[in-house]
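*Asks:* 3D model of this:
(3 chains)
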Amino acid sequence: MRDITLGQYYPVDSPVHRLDPRTKIILIFLYIIAVFLVPNLLMYIPVAAYLMLAAWLAKLPFSMLLRSLKPMRILLIITFVLNLFFASGTQKLLQIGGFVLWQEGLLTALTFSLRLILLVTGSSILTLTTAPVTLTDGLERLASPLKVIKFPAHEMAMMMTIALRFIPTLIEEADKIMKAQTARGADFETGNLMARARAMIPLLVPLFISAFRRAGDLAMAMEARCYRGGEGRTRLHKLAYTKRDVLAFLSILLLYAIILLPRML
Amino acid sequence: MNGVPHIQVTDLTYRYEPDAPKALDTINLSVPRGQFVAILGHNGSGKSTLAKLLNGLFLPTEGTVHISGMDTRDDDKIWDIRRTAGMVFQNPDNQLVATEVYDDVAFGLENIGVPPDDMPPRIDEALALTGMSEFKNRAPHLLSGGQKQRVAIAGILAMHPEALILDEATAMLDPQGRKEVLQTVRRLNEEQGITVVWITHFMEEATHAQRVLVMDHGQIAMDGSPREIFAQVDRLRDLRLDVPPMTQLARLLKERDIDIAPDVLNVEELVKEVKRLCPLCLKN
Amino acid sequence: MPIVLEKLSHHYKSGPNTAVALEDIDLTIKDGELLALIGHTGSGKSTLAQHLNGLLEPTSGRVLLNGEDINQKGANRRALRFQIGLVFQYPEHQLFEETVYKDIAFGPKNMGLSEEEIDARVRGAMARVGLEFDEMKDRSPFELSGGQMRRVALAGVLAMQPKVLVLDEPTAGLDPRARDYLLQDVKQLNKEGTTVVLISHAMDEVARLATRVAVLEKGKLVMEGPTDEVFIQQERLAKMGLDVPEAFKLALRLQEEGLNLGHHYRLRNIADGLAKAIKGGGAN
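*Replies:* Model (predicted):
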């Protein structure tokens, strides 16, 4: 575990990387909605093209995008196959033994699979081009109007930053504890599910206790550095919209226009 | 500066719970501006408790604590007190909140509402003073213990404190880290005039202070210069503390009827004493 | 049961590169000895320790216990861990059970011993580390003081009655008195036949306990020999960022000045030699 970014952030310099995180967050929401608004199979092409354009602008290697689909591959296959053979329809295309391949089935399978692919790759572009802390910042700023209804935007952002900061530390500690218990003959590997769950106790209990202690220490240290919540706090990193962000917003509007064109005609 | 002592503790008593025994018992202490005072004591003597009362993390059960004339019980002044008297804790990890050194040093500045444009020069200066400038974009978990503590110190320095309270800040470090931190703090004391309260159980560290306090069972048992304190080997043993090895050696020599000064603190001083007692012993 | 490290190397992946933790280590740990392993942080001491009980596997080379390769196919590494006890730094961080008794019993339980045997082991281990059985057995480990928790953790390993005990910075964070007690216990254990490998930064500790010292630098074994012979090479050690006990420093300083106290480097021995020299007025 070598860096904070959990292996997701791809640190290059690109126009997409430089976008304000708020822009990217909003864009992702709009993009997701767009994917569901696509009226027919053909209209997935502009969406896919938009995605490819974004990836290219972000200087992301194609292999990286494919890799983001890896965890989903089983789900993808199941989605495709299930919809292919088990959706009922009217136009028979093929029959293999007892299995019927309907035209509707093929279309549905393609639609759902495409959607999944576009959604997952689109989200990865967000996480690949935005450092977690920057993302947290963006979320906090976007959520701050919600302070009027007492939504603790600042506190949540603070929690997320601290969590990110401590993940590598906690992983190191978990490793140490595991080694120490193994040195006393603990066995984390053999046995059925129940046995292995029980074997986790000597790992989880110390880890939890240590996490609570850290939290207490950290709270004191933060207070000693005059932390008293979000009131009156200034921020080192300023977020500001630029021309690039305006262009990005315009681009998604353009995408919407293209997709919704057939509906309007 | 003026006549007001920097840190003034008057008749301070502290209990963790209303019925608990006294963790601190009627402490009176006055620390003048710019002094480097070391506080020694066995685990449980109350030294860490005292540290937390100095910057208002704990409030007195009885008595008062004043920093630069401000009372720690004063709600309006507490944040000023914490800015003025910064505190470094024992666990290097559990003080750093940000994912990058630079951002962590900025944390205190953000809390006290410093305008964003004023922050970079203050952060850069603090990092330079602690020798951590080249690490400014590093993630905290990639730093050594000594480096983490120096970042913690930088985080406080950026707030322009007048005093530094270090609560066993070297207890979890290796010798290299301890040296780094002690050197940094000594420099800050000597060059910037920052008052230092250094709490430790490492005797050798206390030899660098101007004044040493020894705590026992919630009270101040000894108060004097390092020499005055370390010469009292038996008393320190009773208080469950050690003395520096050379002071121990002086004691052993005394037991062997050698009239050596009891307050020898290090190797050079012992060699000097040998020269004095037996010039012909050292033929070179 | 000697342990032999034969051309032991350990490499691991660090990002795109391969990092060398240990390189070509040839070391024998003799039966019943108290060997100290010293080296700068990052020199590979902890990595080496973890090879001794099979927690880590060598990239190349072998670890032989009584002539048998502990990492060969079919080897029972779990059984090995009951013979070579490893106590990590800050071992109190691994306590997890509801009572002291249960936590100390964890090791023996994993060994598959009978209830009576486990009970005997727990009692024995607690007595070893100075924990009163009836008073402490039902207490929660988490309500104990730091020093007590450490003793519980140590007892947990001792209850397995290992033939070899590997201790990684056993006195880290302890105050002088607690440190003393622990070192006394270790010395006693060694006297009674347990082989001890001590990893420590505290050179005074090493000088007090170890008969032999091995020095690691950047993953390589650079020095090895009787304690006195290693510490004499002060300059070489200093270049590696390692200190020597004050007593050694003094002896070397006095030697520079023409006073040779012989090959004793413990405080008492120096005191004796020095007292004699001074009383003799330098007539040698």
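
*Asks:* which residues in chain A form helices?
*Replies:* Ranges of helices in chain A, per DSSP state H, are A:15-18, A:21-37, A:44-57, A:62-69, A:73-86, A:103-129, A:132-143, A:153-182, A:193-199, A:201-224, A:243-264.

*Asks:* out of the ones you listed, flag the one nearest B:D174.
*Replies:* helix A:153-182 (16.4 Å; CB to CB). Where C-beta positions appear, they are placed from N, C-alpha and C, glycine not excepted.

*Asks:* returning to what we had before: will you turn the helices of chain A into a markdown table that also has mean pLDDT?
*Replies:* Formatted as a markdown table, these follow (pLDDT from 0 to 100):
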| stretch | mean pLDDT |
| --- | --- |
| helix A:15-18 | 91 |
| helix A:21-37 | 93 |
| helix A:44-57 | 92 |
| helix A:62-69 | 83 |
| helix A:73-86 | 82 |
| helix A:103-129 | 87 |
| helix A:132-143 | 89 |
| helix A:153-182 | 92 |
| helix A:193-199 | 87 |
| helix A:201-224 | 94 |
| helix A:243-264 | 88 |
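
*Asks:* which positions in chain C make contact with chain B?
*Replies:* By CB under 8 Å from any CB of the partner chain, the residues of chain C that approach chain B are C:40-41, C:145-147, C:172-178, C:201, C:204, C:241, C:243, C:245-247, C:249-250, C:253-254, C:256-259, C:267-268, C:270-272, C:274-275, C:277-279, C:281-283.

*Asks:* picking that back up, okay, the helices of chain A in JSON lines with mean neighbour count and distance to B:L142 next?
*Replies:* Shown next, in JSON lines, are those (neighbours: other CB atoms under 10 Å in any protein chain shown; distance: least, CB to CB, whole Å):
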{"stretch": "helix A:15-18", "mean neighbour count": "18", "distance to B:L142": "22"}
{"stretch": "helix A:21-37", "mean neighbour count": "18", "distance to B:L142": "24"}
{"stretch": "helix A:44-57", "mean neighbour count": "17", "distance to B:L142": "30"}
{"stretch": "helix A:62-69", "mean neighbour count": "13", "distance to B:L142": "24"}
{"stretch": "helix A:73-86", "mean neighbour count": "14", "distance to B:L142": "33"}
{"stretch": "helix A:103-129", "mean neighbour count": "19", "distance to B:L142": "22"}
{"stretch": "helix A:132-143", "mean neighbour count": "19", "distance to B:L142": "16"}
{"stretch": "helix A:153-182", "mean neighbour count": "18", "distance to B:L142": "8"}
{"stretch": "helix A:193-199", "mean neighbour count": "11", "distance to B:L142": "31"}
{"stretch": "helix A:201-224", "mean neighbour count": "17", "distance to B:L142": "18"}
{"stretch": "helix A:243-264", "mean neighbour count": "14", "distance to B:L142": "32"}
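
*Asks:* so can I have a markdown table of these showing distance to B:R235?
*Replies:* Converted to a markdown table, those look like this (distance: least, CB to CB, whole Å):
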| stretch | distance to B:R235 |
| --- | --- |
| helix A:15-18 | 64 |
| helix A:21-37 | 61 |
| helix A:44-57 | 73 |
| helix A:62-69 | 68 |
| helix A:73-86 | 73 |
| helix A:103-129 | 62 |
| helix A:132-143 | 52 |
| helix A:153-182 | 39 |
| helix A:193-199 | 51 |
| helix A:201-224 | 33 |
| helix A:243-264 | 70 |
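
*Asks:* enumerate the residues of the stretch 51-200 of chain B near chain A.
*Replies:* B:52, B:55, B:57, B:79, B:82-83, B:86-87, B:89, B:91, B:93-100, B:103, B:106-116, B:119, B:139-142, B:152, B:155-156, B:159.

*Asks:* one more time with 6 Å, if that's ok
*Replies:* B:57, B:79, B:82-83, B:87, B:89, B:91, B:93-95, B:97, B:99, B:106, B:108, B:110-113, B:116, B:119, B:139, B:141 (CB under 6 Å from any CB of the partner chain).

*Asks:* just the buried ones from those residues?
*Replies:* Buried subset of these (neighbour count, 16 or more other CB atoms under 10 Å in any protein chain shown): B:57, B:79, B:82-83, B:87, B:89, B:91, B:93-95, B:97, B:99, B:106, B:108, B:110-112, B:119, B:139, B:141.

*Asks:* on that earlier part again, between the helices of chain A, which one is closest to B:L129.
*Replies:* helix A:201-224 (18.8 Å).

*Asks:* hey, C-alpha coordinates of stretch B:163-182 in PDB?
*Replies:* What follows is stretch B:163-182, C-alpha atoms only, in PDB (Å, rounded to 0.1, in the frame of the first residue of the first chain):
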ATOM      1  CA  ALA B 163       5.600  28.500  23.400                       C
ATOM      2  CA  LEU B 164       5.900  24.800  22.500                       C
ATOM      3  CA  ILE B 165       4.800  22.100  24.800                       C
ATOM      4  CA  LEU B 166       6.100  18.600  23.900                       C
ATOM      5  CA  ASP B 167       4.400  15.800  25.700                       C
ATOM      6  CA  GLU B 168       6.800  12.900  25.400                       C
ATOM      7  CA  ALA B 169       7.200  13.700  21.800                       C
ATOM      8  CA  THR B 170      10.200  11.400  21.400                       C
ATOM      9  CA  ALA B 171       8.900   8.400  23.400                       C
ATOM     10  CA  MET B 172       8.000   6.500  20.200                       C
ATOM     11  CA  LEU B 173      11.000   7.400  18.100                       C
ATOM     12  CA  ASP B 174      14.300   5.700  17.300                       C
ATOM     13  CA  PRO B 175      17.500   7.400  18.400                       C
ATOM     14  CA  GLN B 176      17.900   9.200  15.100                       C
ATOM     15  CA  GLY B 177      14.400  10.600  15.300                       C
ATOM     16  CA  ARG B 178      14.900  11.700  18.900                       C
ATOM     17  CA  LYS B 179      18.000  13.500  17.900                       C
ATOM     18  CA  GLU B 180      16.300  15.300  15.000                       C
ATOM     19  CA  VAL B 181      13.400  16.400  17.100                       C
ATOM     20  CA  LEU B 182      15.500  17.600  20.000                       C
END
